[in-house]
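**Student:** Generate coordinates for the sequence data below:
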Amino acid sequence: MDPSSSKWRVAVIGSGPSAFYTAEALFKSPAATTPDAGSGVQVDMFDRLPVPFGLVRGGVAPDHQKIKSVVRVYDKIAAQPGFRFFGNVKLGRDLQVEDLARCYHQIVYAFGCESDNRLGAPGEDLAGVYSATEFVGWYNGHPDHRHRSFDLQNSRRVALIGNGNVAMDVARVLLQSPDRLAPTDIADYALAALRDSNVEEVILLGRRGPAQAAFSPKEIEEIGELDGVDVVVRPEEAELDEISRAWLEGAGARSQQRNAKYIAACAELGEGSSKHKLRCRFLVSPTEILGDDGRVRAVRVEHMQLQLDDSGTPRPRSKGTTEDVECDLVFKAIGYRGEPVPGVPFDERKGIVPNRDGRVLGAPGGEVVRGQYVAGWCKRGPTGLIGTNSPDAKATVELMLEDRAAAAMLEPAAADIAPWLAEQGIDAVSWADWQRLDAWEQTEGEKRGKLRHKLSSIDEMMTVIRELR
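**Tutor:** Numbers count the residues shown, from 1 in each chain. As a prediction, the model looks like this:
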């Protein structure tokens, strides 16, 4: 890059949906497209992994390939002449925020929330208790989780704490025939473990009622359509109380009304005759995980009832009674959480980068940090679907445009980051490198009768990338 260039240079940290939607909004901005906008915008995207796409690659379930097809949009964004990818480059290890500030006018953190929330209950650290994050990363071949092991062979009942869409993904992967997963991009080792699995029942534990369930209608209905799987609900837990009925009629979304109707229909069907069961429990809140000899044997739950809070929203309150739900494994699906990154401010309580509508703050409630922004989950927390990140990123870019117009940006030395990375001995993966690896994974997948043979080790990825260069 010519040091005298007037190009507007932006570094985006992360390469998931929020990162790509940020790049898209930058390329479509008037400051990048109008004739008098200088020489346009340069967007350099960094990821600690050699591969892009974040949770689309490492989080979306392998049997949801239609959702993964969103990467075609990201491929088009990456084809913009002002785009560059630097994979295998980790902020806080390979380069620091100060290094970025020397080369870019603005920095956008879009690295998501890679950890999980803790339950905060006794017994959480017993053997056989895991986060859904670990399991999802494991079956998706994420390098962080490839070495995990789950004793599916000696487990018949799995308790899932939480009933959002991540919980539904875990339940669906555990209950469906491995033959349905075999043609996908599921990790080979995960498919082998699922073939040896003896899991027959998955029990969803939700604190609220069926009207307030966090899963989407499509997710629960998809499990009900699986061959050999029954969705089982206790009639007394499917029945809506007066509070839920009134709330549904007034504030309830169409999806929540559809959920309540579907749950009621499942309750009418009873136990069913299939070997595999998804048991949806409602108004039960885990208070303790019980174990024998250091290994989980049950989840103790307290029974809840709904009461309206001051805003008129139904909230669960304890009825004072408990029940032990026996199980062989426990997965906690109670939300993702951000992890602190060296040099980047962090809100420990919320698990996000502290910000005011997208401008980074030096500390929660503190002053704005010049030239630094956030988009996606590390901005707002782990909420919404993939598409939610598009308007979120656009809102952040609007602030970046305002600050650029006001000359409230960083003042880089106009140096290109690429030669500096090479001098440091950092083997950055380019977009062309990724495209070659992408083609290799698909070709290897075809040989195995599946969509993609996904490499799950950074060393393996880098070995293949270097061979293909």
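**Student:** And the residue lying closest to residue 410 once chain neighbours are set aside, how far from residue 97?
**Tutor:** If the residues on either side of it in the chain are set aside, residue 410 comes closest to residue 371, at 3.6 Å by Cβ to Cβ, 6 or more residues apart in numbering. (Each C-beta comes from the backbone N, C-alpha and C, glycine too.) The gap separating residue 371 from residue 97 is 10 Å, by Cβ to Cβ, to the nearest Å.
**Student:** Endpoints of stretch 302-314, how far apart?
**Tutor:** The straight-line separation of the ends of stretch 302-314 (Cα to Cα, to the nearest Å) is 17 Å.
**Student:** Can you mark which positions in that stretch are buried?
**Tutor:** Taking 16 or more other Cβ atoms under 10 Å as the neighbour-count basis, stretch 302-314 is seen to contain the buried residues 302, 304, 306, 314.
**Student:** Please convert those residues to CSV, extending it with secondary structure, pLDDT and distance to residue 246.
**Tutor:** Putting the buried residues of stretch 302-314 into CSV (DSSP: H, G, I helix; E, B strand; the rest coil; pLDDT from 0 to 100; distance: Cβ to Cβ, whole Å) gives the following:
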residue, secondary structure, pLDDT, distance to residue 246
302, strand, 97, 25
304, strand, 96, 18
306, strand, 94, 11
314, strand, 90, 9
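**Student:** which one of the residues you listed sits closest to residue 271?
**Tutor:** Within the buried residues of stretch 302-314, proximity to residue 271 (Cβ to Cβ) peaks at residue 304, which comes in at 24.0 Å.
**Student:** In contact with that closest one, which residues?
**Tutor:** 207-208, 283-285, 316-319 (Cβ atoms under 8 Å, 6 or more residues apart in numbering).
**Student:** swap in residue 426?
**Tutor:** Applying Cβ under 8 Å, 6+ apart, one finds that residue 426 lies in contact with 88-89, 94-95.
**Student:** Show me the residues you listed that map onto helices.
**Tutor:** The members of these all map outside helices under DSSP state H.
**Student:** okay if I get those residues as a markdown table plus neighbour count, pLDDT and distance to residue 44?
**Tutor:** Below are the contacts of residue 426 laid out as a markdown table (neighbours: other Cβ atoms under 10 Å; pLDDT from 0 to 100; distance: Cβ to Cβ, whole Å):
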| residue | neighbour count | pLDDT | distance to residue 44 |
| --- | --- | --- | --- |
| 88 | 21 | 98 | 14 |
| 89 | 24 | 98 | 10 |
| 94 | 18 | 97 | 14 |
| 95 | 24 | 96 | 11 |
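**Student:** Pipe the residues you listed into TSV and attach distance to residue 263 per row.
**Tutor:** Shown next, in TSV, are those (distance: Cβ to Cβ, whole Å):
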residue	distance to residue 263
88	46
89	47
94	49
95	50
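**Student:** Return the subset of those residues lying in strands.
**Tutor:** Of the positions in those, not one sits in strands, assigned by DSSP state E.
**Student:** Of these, just say which sits nearest to residue 408.
**Tutor:** Relative to residue 408, and with distances defined as Cβ to Cβ, the nearest of the contacts of residue 426 is residue 95, at 23.7 Å.
**Student:** And for the closest one, nearest residue in space, chain neighbours not counted?
**Tutor:** With Cβ to Cβ, 6+ apart as the measure, residue 89 is the residue that lies nearest to residue 95, at 6.6 Å, once sequence neighbours are left out.
**Student:** show me what contacts residue 348?
**Tutor:** Taking Cβ under 8 Å, 6+ apart as the criterion, residue 348 is in contact with residue 340.
**Student:** Torsion angles phi and psi at residue 254?
**Tutor:** Main-chain torsions, residue 254, degrees, to the nearest 10: phi -60, psi -40.
**Student:** Between the two ends of stretch 337-353, how far is it?
**Tutor:** Start and end residues of stretch 337-353 are separated by 11 Å (Cα to Cα).
**Student:** now swap in stretch 105-119 and tell me
**Tutor:** Calculated as Cα to Cα, the first-to-last residue distance of stretch 105-119 is 40 Å.
**Student:** Mean confidence (pLDDT) on it, please.
**Tutor:** Stretch 105-119 shows a mean pLDDT of 92 in the predicted model.
**Student:** Now that stretch: buried residues?
**Tutor:** Burial within stretch 105-119, assessed by neighbour count using 16+ other Cβ under 10 Å, is assigned to 105-114, 116-117, 119.
**Student:** which residues touch the residue sitting nearest the centre point of the chain?
**Tutor:** Most central residue of the chain, judged by C-alpha distance to the mean C-alpha position with Cα atoms, centre = their mean, is residue 55 at 4.9 Å. Residues touching residue 55, when contacts are defined by Cβ under 8 Å, 6+ apart, comprise 16-17, 112.
**Student:** I'd like those residues written out as a markdown table, with distance to residue 376 and secondary structure added.
**Tutor:** Rendered in a markdown table, the data for those read as follows (distance: Cβ to Cβ, whole Å; DSSP: H, G, I helix; E, B strand; the rest coil):
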| residue | distance to residue 376 | secondary structure |
| --- | --- | --- |
| 16 | 7 | coil |
| 17 | 7 | helix |
| 112 | 6 | coil |
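**Student:** Which one of these is nearest to residue 460?
**Tutor:** The shortest gap between residue 460 and any of the contacts of residue 55 belongs to residue 16, at 21.5 Å (Cβ to Cβ).
**Student:** re earlier: please compare residue 371 and residue 97 by neighbour count and tell me which comes out ahead.
**Tutor:** Between residue 371 and residue 97, residue 371 has the larger neighbour count (other Cβ atoms under 10 Å), namely 24 against 20.
**Student:** For that one, pull up the helix or strand it's in.
**Tutor:** Using DSSP states H and E, the element containing residue 371 is strand 368-374.
**Student:** After that strand, which helix or strand is next?
**Tutor:** Secondary structure here is assigned by DSSP H and E; on that basis, the next helix or strand after strand 368-374 toward the C-terminus is helix 377-380.
**Student:** Tell me how far that next one lies from the chain's centre.
**Tutor:** For helix 377-380, the gap between its own C-alpha mean and the chain's C-alpha mean amounts to 11 Å (Cα atoms, centre = their mean, to the nearest Å).
**Student:** what's downstream of that helix, the next helix or strand?
**Tutor:** Helices and strands here follow DSSP H and E; after helix 377-380, the next one along the chain is helix 389-405.
**Student:** now for the very next helix or strand once past that next one, which elements pack on it?
**Tutor:** Following helix 389-405 in sequence order, the next helix or strand is helix 417-423 (DSSP H and E). Judged by 3 or more Cβ pairs under 8 Å, 6 or more residues apart in numbering; DSSP states H and E, the packing partners of helix 417-423 are strand 83-86, helix 97-101.
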